[in-house]
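> Here is a sequence with its predicted model. Questions after.
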Amino acid sequence: MFDIEGKIAYVEQEPVIFSDTVKNNIIFGRTFDQNHYDQVIKQACLLPDLKIFTEGDQTIIGEKGITLSGGQKARVALARSLYGPASIYIFDDPLSAVDSKVAKMLFHECIQPLSRTNLVILITHQIHYIQ
């Protein structure tokens with residue numbers, strides 16, 4: 001047995017997305033902090049998406065994220081976990097839903113820096129990220 005201290009954030013392979021705004025899917029009822037929110041949006045590589053959504057982060061996402069691509073769902077779920085805060089992050093293959101360029105950005109700008117100060121468990125088939 002072992003003890004786990006701290007909050008855990010989990011990003012599932014099939015992200016749970018709610019019928020609400022992009023912003024509310026990310027902050028998930030927590031206290032809003034604009035600076036932290038902006039940082040999370042950047043880390044989750046959502047800036048280009050917010051620019052093309054008709055209402056930006058106020059765009060309503062349909063039931064189960066029907067209006068989003070698989071990669072957008074994964075990045076919204078990733079942003080939700082980053083908004084946390086948590087000390088333990090479990091990522092169940094979030095890189096599989098995005099193209100290789102975005103996967104590289106997510107790994108180097110989000111997952112890798114996060115692992116410097118937190119426990120990060122990354123499940124992936126992309127073995128070049130395991131090193």
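Received, thanks.
> so where's the chain uncertain?
Within the chain, the stretches with pLDDT under 70 are 1-3, 64.
> Need the residues that contact the top helix by length along it.
For the chain, the longest helix by residue count, based on DSSP state H, is helix 70-83. With contacts defined as C-beta atoms under 8 Å, 6 or more residues apart in numbering, helix 70-83 is touched by 9-12, 15-17, 22, 25-28, 30, 36-37, 40-41, 43-46, 49, 61, 65, 68, 89, 91, 94, 97-99, 102, 106, 110, 114. Every residue, glycine included, has its C-beta placed from N, CA and C.
> So which of those are in strands?
A9, Y10, V11, Y89, F91 (DSSP state E).
> so can I have CSV of the residues you listed showing distance to L119?
Formatted as CSV, these follow (distance: C-beta to C-beta, whole Å):
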residue, distance to L119
A9, 11
Y10, 12
V11, 14
Y89, 7
F91, 11
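> Pull out the buried members of those.
Neighbour-count burial (16 or more other C-beta atoms under 10 Å) applied to the ones in strands among the contacts of helix 70-83 gives A9, V11, Y89, F91.
> In this protein, which residue is most central in space?
L78 (1.0 Å; C-alpha atoms, centre = their mean).
> which residues sit in contact with L95?
Contact partners of L95, counting by C-beta under 8 Å, 6+ apart, are A103, L106, F107, T124, Q126, Y129.
> Mind giving me the PyMOL command for buried ones among the residues you listed?
Only the buried entries of these go into this PyMOL selection, using 16+ other C-beta under 10 Å:
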select buried, resi 103+106+107+124+129
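> Just name the closest of the contacts of L95 to E55, please.
Of all those, the one with the least separation from E55 (C-beta to C-beta) is L106, at 24.2 Å.
> tell me the contacts of the closest one?
A44, C45, R75, L78, P94, L95, V98.
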